[in-house]
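**Student:** My questions concern the predicted model and sequence given below.
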Amino acid sequence: MLPSLSSYKGPWNEDAVKHLLRRTMFGAKRGDINLFLNLGLSRSVLKLLEDAEALPNPPLKEYTPTNAAIPDTNILAGKTWVNDPSNDGTILSLRRASFKKWWMGTLVMQGASLREKMTLFWHNHFSTEADEVRNSQFIYKHFNMLRTNALGNVKTLVKEICTDPAMLVYLNGQSNTKGAPDENFSREIQELFVIGKGVGANYTESDVKEAARLFTGWRNNSTQINSYFDNARHDTGNKQFSSFYKNKLITGRNNSTAGIDEINDFINMLFDTNEAALFLCRKLYIWFVYYNITPEVESAIIVPMAKILRDNNYNVKPALSALFSSEHFYDEMNRGCQIKSPVDLIVGMVREFEISFSSLDNYTVNYGLWNQLVSYCNFLQQNIGDPPDVSGWKAYYQVPSYYEYWLNSDTLPKRLQYSTNILSNGYTFSGFKMIVDVLSYSRKLKSPGDPNKLIEEVSLHLLGLPISAQHRDQLKKDILLSGQSEDYYWSGAWDTYIASPSNDTNTKYVKNAITSLIRYFLELPEYQLN
Amino acid sequence: MSRRNFLKSSIPAGFMIPSSINGIGLRAYDAGHQFLNNLLLPGGENDRVLVIVQLNGGNDGLNTVIPVEYFSKYVNARKNIYIEEAKSLKLSGVSKIGLHPSMTGLQQLYNDGKLHIVQSVGYPQPNFSHFRATDIWMGASDSNQVLNTGWIGRYLDEIFPGFPSEYPNATMSDPLAIQIGSVTSLALQGPTQPMGLSISNPASFYNFVNNIADPAPKTNAGKELSYIRELSRQTQKYGEVIKVANSKVSTQNVYPTSNNLADQLKIVARLIKGGLKTKIYMVNFGGFDTHSSQTNSGDSSSGKHATLLSTVSSAIKAFQDDLGFLGIEDRVMGMTFSEFGRRILGNNSLGTDHGSAAPLFIFGKSVQSGVTGTTPLIPDNLTVNDNLPYQYDFRSVYATLLSNWLCVNSTVLNQVMLKDFQQLPLTKPGTCSVVTNINSQQNPDSDQRQLIHLYPNPFHRTLTIEFNTSGGHTLLQVIDGSGKLLNTIFDREYSPGKFRVDFNGGHLPAGVYYVRFQNQVFQQVKSVLKV
């Protein structure tokens, strides 16, 4: 089917819903699938894009600052540290870890909203590394800003980025002065953040240098946890840009608002180009659909999406809404074609199987469990908060393989080890075990007593691509029927389990059979597809 | 899928999760049973192995190989963090340079004739971004050229055509290359897919289920599904081979403990001894981005960089000793590299910022011991933007190792390296068909030859360059103080003799410039001041 942004008219069935949810959140909970199935397409997209979801509460002090030179005893255990301007290296390190655990918590507990996936998108887009920023308060502030603006106005977001304390550290903005201009940020805002490297991106080295002058004078105040403009460090001269920017001259200012006034001019100039919207829409496409932007996709999807973005003064929702409602998004060609990122895999599993954590007040245990998930994502090469560099993760920009960079002969076995381990053995922290409860999962299925329907439903839920009827039939015989051919072997066992779960022998049989079935699916290459 | 296979795979087998999730990862590529394949391989007719040690972050060359020859200028550049001359480690027969005091292992390798130092390795138009510079080194590209393949990937694709679909096979049952670490490096990327395998632990082996494979649909998902299936197949096949090789070696020589690089190299030695015919191994060690606290204050011979170099040096020394112990020293050669060196001038945080050219090490029993290149010139009146000009293109090192160690022929070499690069005297004569006639450059102390003469110095408008070529390929370049190539005056064949050219530098800003001359294997860089 030729790519088109026109509205999807196909069936609004479980497969379509699952596709939408897995791309816009992490994994699809069965409850969410039912909810969105009832909503229909247009209300589903509206729901994903609405702002109703409250922002998560900030991270808590769950660490013990034993080795700190200046321990943060002023912050009580269980209270948030985000407003406490500690500069102690040990404390900052504990807080960076605390931040990541907390972030994992917000990911696994996300509501039915696009916001978390978009926050991660912006993190990948405006990449910063926590280990380089170091100041945990700046880091929290940065992510709070990304999350607040995740579904908002792109120009506003970029403006915030220009004076964001973490970004001022990461790309040296805080040491960019009129005496010693630093081009790091002024290069990346054009090359990686707004204009890109497409064929139409013809800004020049001189534009980088002029922009560096424009951004001079911004500094951080770690006590107040904010940035400020120091006019004495600002280059007050005019900034002349190239013909790519229509030879725009930005008047140099010499007053206390010079910094922000010139940034406003600069951002307006950047977003006046056609390239800005095209570039962002390509990145969104790679994030939400597929990495291969064919000439047909460019002209039928990217160009019209970019127009919607511009026509709506860079509010991101209308363009996303058009994409998620389009024929193209639901085209068979594009279903199941993403290779799951480590976060898709690990957070997705928690949500698909509704793995439970401890009660909310038991935050030390929960942070400990979330930390294990953070560590495993890192182990699989996606360290949230610390992408490899300012370009973000290779899976979203590195030709020729894109998503395939997530998987190699080292990470694929590790993924399988992780999935089978959390299925069968679980991970324990402080006596609490994080594990898939296969029986509880099965009880939520529509017809778990019917081996055919059970396999069909589980495979549809878990796999990125459907498997054949013959394949399902083989699994039924081999796993659920223990080599027998009559369906009632399974139905009988299931009914017995429901009637008398305390019948240990039978319950164990049912549990082992379902565990085997799920394990089989988790090991299929189709499970790596999203 | 047979029922037996199915049951074996579907019953939870109590998979263990590694106790340390920050353990090492390994990756593997494919080489093979050369004895059957000798006449078929256009360059693999040997059992040679190349080990590549990547030092991530940009290693500070000036504090690794200390420029004793220009010591006062070096002290001036590195006020708080210079290494005292008395502490630098002496190399036998060499007085112009010394090694960082923590590198006793490499000092001993040098004195045993198993280490070669190449000075000021870089490329024209250096890039100062970690990721871009890394891609340039991995791809062996020009600075402004974006390649989607790596130099190792292209090499393996040339000598093992048809990978991966026809592999493993009877003539090549082993991975072509193995990378320790979980990331897929661009160096190993072939024309269509990575040419190697990554693995963390050669003893751990994930038994992939023998699944039913429904036909892959003709959609984007079908493409990705086929990729994952092929990856599973290779991981399964090569995982078995690696596990067997790993289990064959019961005793190894002693390696330092708590040394991540040593842990990786120990696995490499084990797999080579265990019989893998794998041609290339890649290992990684990071932390070289020493913007701050590179040295301790008060004692510049200790601190972050000292620990890093000590780790590298002791790991390589232990590896070399182990190769000897295992009786496989003749088969292995190694090289280090980092994406760039660091700025000449130290910064205000006891550190150094991103720079350009830097030395690298070649190690192994078949190495021609010595130093290639002269001690890097450090200008007076340094500014923060000053960088070392490169003396040797990093691709010359690659090309030399490919042709003089792995013995690839010139046709393949050109396919892999994409153009012709100067060969350097890195390996012992006779290793393949080695470049000879190079001894005069082996020891910087004995290098008295005047290849170029620049005058007037300082110059204002016209600089006259006299050069002495022994004929053949001759190249003359002008490089600015930031290490950037300004002009290639000529790059062509010459007949032997003494010649003179004028370079018009009237338009250039005042400052330090370098003239780089290259004639076959000979090399000279001289500085000149423009006023």
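**Tutor:** Great, that's in hand.

**Student:** Give me the residue at the spatial middle of the chain.
**Tutor:** Let's take chain A. Among the residues of chain A, the one closest to the centroid is A:Leu120, at 3.2 Å (Cα atoms, centre = their mean).

**Student:** You answered for a different chain; I wanted chain B.
**Tutor:** B:Phe337 (3.6 Å).

**Student:** And what about the closest residue to chain A within the stretch 251-400 of chain B, helix, strand or coil?
**Tutor:** Residue of the stretch 251-400 of chain B nearest chain A, by Cβ to the nearest Cβ: B:Val384 (7.7 Å). (Each C-beta comes from the backbone N, C-alpha and C, glycine too.) Classification of B:Val384 using DSSP: H, G, I helix; E, B strand; the rest coil returns coil.

**Student:** Enumerate every residue touching it.
**Tutor:** Residues in contact with B:Val384 (Cβ atoms under 8 Å, 6 or more residues apart in numbering or on different chains) are A:Ala180, B:Arg343, B:Leu345, B:Asn347, B:Asp353.

**Student:** ok, and the closest non-adjacent residue to the last one?
**Tutor:** In other words, B:Asp353. B:Arg343 (4.6 Å; Cβ to Cβ, 6 or more residues apart in numbering or on different chains).

**Student:** I figured that neighbour hits B:Gly355, correct?
**Tutor:** Yes - because the distance of 4.3 Å satisfies Cβ atoms under 8 Å, B:Arg343 is recorded as touching B:Gly355.

**Student:** Between the two, which contacts overlap?
**Tutor:** B:Asn387.

**Student:** Have a look at those two and say which one is more surrounded.
**Tutor:** B:Arg343 (27 against 24; other Cβ atoms under 10 Å in any protein chain shown).

**Student:** What separation do you get for that one and B:Val75?
**Tutor:** According to Cβ to Cβ, to the nearest Å, B:Arg343 and B:Val75 sit 16 Å apart.

**Student:** Any idea what B:Tyr281 is bridged to?
**Tutor:** B:Val51, B:Ile178 (DSSP bridges).

**Student:** right, and it touches B:Ala177 too?
**Tutor:** Yes - assessed by Cβ under 8 Å, B:Tyr281 is found in contact with B:Ala177 at 7.0 Å.

**Student:** looking at it, the residue nearest to the centre of chain A is touching A:Pro387, isn't it?
**Tutor:** No - A:Leu120 sits out of contact with A:Pro387 when judged by Cβ under 8 Å, with a separation of 10.3 Å.

**Student:** And the residue nearest to B:Asp353, how far from B:Phe128?
**Tutor:** For B:Arg343, the distance to B:Phe128 - Cβ to Cβ - is 9 Å.

**Student:** hey, what's in contact with both of those two?
**Tutor:** What both B:Arg343 and B:Phe128 touch, as defined by Cβ under 8 Å, 6+ apart, is the set B:His354, B:Gly355.

**Student:** the domain parsing of chain B - what is it?
**Tutor:** Domain ranges of chain B: B:3-448, B:449-531, per automatic domain parsing.

**Student:** got the ones you listed as a markdown table, with mean pLDDT columns?
**Tutor:** Compiled in a markdown table, the domains of chain B are given as follows (pLDDT from 0 to 100):
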| stretch | mean pLDDT |
| --- | --- |
| domain B:3-448 | 85 |
| domain B:449-531 | 88 |
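
**Student:** Most tightly packed of those domains?
**Tutor:** domain B:3-448 (a mean of 20; mean count of other Cβ atoms under 10 Å in any protein chain shown).

**Student:** How far off centre is that one?
**Tutor:** 5 Å (Cα atoms, centre = their mean, to the nearest Å).

**Student:** now do stretch A:239-254
**Tutor:** 36 Å.

**Student:** Tell me the span between the first and last residue of that stretch.
**Tutor:** 13 Å (Cα to Cα, to the nearest Å).

**Student:** For it, buried residues please.
**Tutor:** The neighbour-count check on stretch A:239-254 (16 or more other Cβ atoms under 10 Å in any protein chain shown) flags A:Lys239, A:Phe241, A:Phe244, A:Tyr245, A:Lys248, A:Ile250, A:Arg253 as buried.

**Student:** secondary structure element for the residue of the stretch 1-150 of chain A at minimum distance from chain B?
**Tutor:** Of all residues in the stretch 1-150 of chain A, A:Glu132 sits closest to chain B, at 9.1 Å by Cβ to the nearest Cβ. Using DSSP states H and E, A:Glu132 sits in helix A:130-133.

**Student:** Can you list the buried residues in the next helix or strand after that helix?
**Tutor:** Counting by DSSP H and E, the next helix or strand C-terminal to helix A:130-133 is helix A:136-149. Buried residues in helix A:136-149, counting neighbours by 16+ other Cβ under 10 Å, are found at A:136-143, A:145-149.

**Student:** Would you reformat the residues you listed as JSON lines and include pLDDT?
**Tutor:** Compiled in JSON lines, the buried residues of helix A:136-149 are given as follows (pLDDT from 0 to 100):
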{"residue": "A:Ser136", "pLDDT": "98"}
{"residue": "A:Gln137", "pLDDT": "98"}
{"residue": "A:Phe138", "pLDDT": "98"}
{"residue": "A:Ile139", "pLDDT": "98"}
{"residue": "A:Tyr140", "pLDDT": "98"}
{"residue": "A:Lys141", "pLDDT": "98"}
{"residue": "A:His142", "pLDDT": "98"}
{"residue": "A:Phe143", "pLDDT": "98"}
{"residue": "A:Met145", "pLDDT": "98"}
{"residue": "A:Leu146", "pLDDT": "98"}
{"residue": "A:Arg147", "pLDDT": "97"}
{"residue": "A:Thr148", "pLDDT": "96"}
{"residue": "A:Asn149", "pLDDT": "97"}
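
**Student:** what's the helix or strand A:Glu210 falls within packed up against?
**Tutor:** Per DSSP H and E, A:Glu210 falls inside helix A:205-214. Counting contacts by 3 or more Cβ pairs under 8 Å, 6 or more residues apart in numbering or on different chains; DSSP states H and E, helix A:205-214 packs against helix A:184-188, strand A:239-240, helix A:258-271.

**Student:** follow-up on the earlier one: tell me which residues touch the residue nearest to B:Asp353, please.
**Tutor:** B:Thr352, B:Asp353, B:His354, B:Gly355, B:Val384, B:Asp386, B:Asn387.

**Student:** Can you verify my assumption that the second one contacts B:Gly341?
**Tutor:** No - the pair formed by B:Asp353 and B:Gly341 falls short of the contact definition of Cβ under 8 Å, at 10.8 Å.

**Student:** right, so of the domains of chain B, which gets closest to A:Asn176?
**Tutor:** domain B:3-448 (13.9 Å; Cβ to Cβ).
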